[in-house]
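>>> show me the folded form of this:
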Amino acid sequence: MLCDAHCHLDGSSELAALQRDEHILALINCQSPTEWETNRQLVDGHQPLSFGIHPWQATELRWSEITPYLEATNIIGEIGMDSVWTDVNLLEQARIFEAQLRFAHDHRKPVVLHTKGCERAVLTNIQKYPNRYLVHWYASPEYQADYIRLDCYFTIGPDVLTDPAVTQLAKTIPLNRLLIETDGLAAVTWAQHRPVTVTDYPMILKQSLRIIANLRGMAPAELEATVYQNLQQFLS
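Presented below is the predicted three-dimensional model:
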């Protein structure tokens, strides 16, 4: 069975319906109260939802606004820090990131991490809060071994053949910590430099499985079963 360990629906009822009808297990990201309510209606209980304040929105919401959603979700994320794709103040990012890490640790909720350009800072912070972590689309050649030593899960994104750091990670992640993701259709369009539609979605996941299976010398069907089991374990 197919799975997608990190997906943004972006309001697409068509994508939500396809995931349901094709029995694709997908962890659906929500990064605002409005998105949580929208996605909750779209998936109608058929998919797990994660909730967290993304580093790009670190200054936009008050803690009192997000607490009910952190309490409602079983998975915190995606949360983290970013020095590449946003100009949000890093001190503010760090403040809200650590508050959410502490909440997740205290409430025993696993976490999805965003690390872009701040791989070392995120690594330092999560070491203070032992937990079950999923590192979303890690694309740095640095600190890979350090995250692996912390027993993190990793998602491999749709640029696995074009980003050398992602290619290397896909080869070296322990098999029981390996996951795949799309990050949503807009992210696939960005990564693969081509337009994609909802009907392309299952094939995108299958393509990632074939590529990674080839890199690891496995049968795609074996890898498909393994990553599905891995996602179930992360969610449990």
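>>> isn't residue 137 right up against residue 182?
No. Under the criterion of Cβ atoms under 8 Å, residue 137 makes no contact with residue 182, lying 9.8 Å away. Just so you know, the C-beta spots here come from the backbone N, C-alpha and C atoms, and that holds for glycine as well.
>>> give the residues shared as contacts by these two.
6, 157 (Cβ atoms under 8 Å, 6 or more residues apart in numbering).
>>> how about the strands in this structure?
Remark: strands assigned in the chain by DSSP state E are 3-7, 25-30, 49-51, 75-80, 111-114, 133-135, 153-156, 178-180.
>>> now those strands as CSV including distance to residue 212?
Output for the strands of the chain, formatted as CSV (distance: least, Cβ to Cβ, whole Å):
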stretch, distance to residue 212
strand 3-7, 13
strand 25-30, 17
strand 49-51, 23
strand 75-80, 21
strand 111-114, 19
strand 133-135, 16
strand 153-156, 6
strand 178-180, 7
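>>> and the ones you listed: which comes nearest residue 214?
Proximity of the strands of the chain to residue 214 was assessed by Cβ to Cβ; the nearest stretch is strand 153-156, lying at 12.7 Å.
>>> can you list contacts of that closest one?
Contact with strand 153-156 is made by 5-6, 132-138, 147, 166, 169-170, 173, 177-181, 208, 212, 230, 234, as judged by Cβ under 8 Å, 6+ apart.
>>> in the sheet, which strands lie alongside that strand, parallel or antiparallel?
strand 133-135 (parallel), strand 178-180 (parallel) (DSSP bridges).
>>> now the ones you listed as CSV including mean pLDDT?
Formatted as CSV, those follow (pLDDT from 0 to 100):
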stretch, mean pLDDT
strand 133-135, 98
strand 178-180, 98
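>>> which of those is buried the deepest?
Most buried of these, by mean neighbour count (mean count of other Cβ atoms under 10 Å): strand 133-135, with a mean of 26.
>>> so what touches that one?
Defining contact as Cβ under 8 Å, 6+ apart, one finds that strand 133-135 is touched by 5-6, 77, 110-113, 115, 126, 147, 150, 152-155, 179, 234.
>>> of the residues you listed, buried ones?
Restricting the contacts of strand 133-135 to buried positions leaves 5-6, 77, 110-113, 115, 126, 147, 152-155, 179, 234, with burial counted as 16 or more other Cβ atoms under 10 Å.
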